[in-house]
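# build the 3D model from these lines:
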Amino acid sequence: MRYICKYHSPLGGITLASDGAALTGLWFDGQKYFAAGLAKEHTEKELPVFAEAREWLDVYFSGKEPAFTPPLSLRGCSDFRRRIWEILLAIPYGQTVTYGQIAKRLESETGKRVSAQAVGGAVGHNRISIIIPCHRVVASDGSLTGYAGGIDKKSALLKTEGADMSGLFVPKKGTAL
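Sure, this is the predicted structure:
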């Protein structure tokens, strides 16, 4: 059985999903790829993992770095996406990296060419946003691109973390809009 619960953040509603033991999804309501991977049959229910996730989100939205991570499940995704999401988890709070930097890291690990666009696809399909911080990935020119929750939310999340926004900008056209 799959379960969901709702969370009201300063940036809007969030839906959390779980397999009963771990978090399997966290989406801004209405975002691109909303509820991707969520079984059609699910029940709204209070679970310990949801309490942990809400506590994490409360700490996060208070402008502090949470000192813990609720249990996460990355099952059902490709090995490539899983590796990208693991890299996202290692990006320090309040810092950003580029899609190209992630691609180069994977190339050095695997010896295989990886494009920044392929990384972008995996980042964009992240099912557990905010906790797996896909909002910390930016284009090499500093543009805030490719956030499924919306460019306004990506910018707000980075500001919540106190990220240096001086070299970042919203492009006039492209995937961010």
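
# distance check, the residue most central in space within the chain against Gln95.
Computing the C-alpha centroid of the chain and ranking residues by C-alpha atoms, centre = their mean puts Ser129 first, at 2.6 Å. Look at Ser129 and Gln95: by C-beta to C-beta, to the nearest Å, they are 17 Å apart. C-beta here means a position set from N, CA and C on the backbone, and glycine is covered the same way.

# could you do Ile84 as well?
Counting by C-beta to C-beta - Ile84 and Gln95 are separated by 17 Å.

# just want to know which of those two has more residues nearby.
Ile84 (29 against 13; other C-beta atoms under 10 Å).

# is the more buried one in a helix, a strand, or coil?
helix (DSSP: H, G, I helix; E, B strand; the rest coil).

# cool, and Tyr3?
strand.

# and for Tyr7?
Taking three-state DSSP, the label given to Tyr7 is strand.

# and the helix of greatest length in the chain, what does it pack against?
Counting by DSSP state H, the longest helix found in the chain is helix 48-61. Contact analysis of helix 48-61 by 3 or more C-beta pairs under 8 Å, 6 or more residues apart in numbering; DSSP states H and E lists strand 2-9, strand 12-18, strand 23-28 as its packing neighbours.

# and that helix, which residues are buried?
Val49, Phe50, Glu52, Ala53, Arg54, Trp56, Leu57, Tyr60, Phe61 (16 or more other C-beta atoms under 10 Å).
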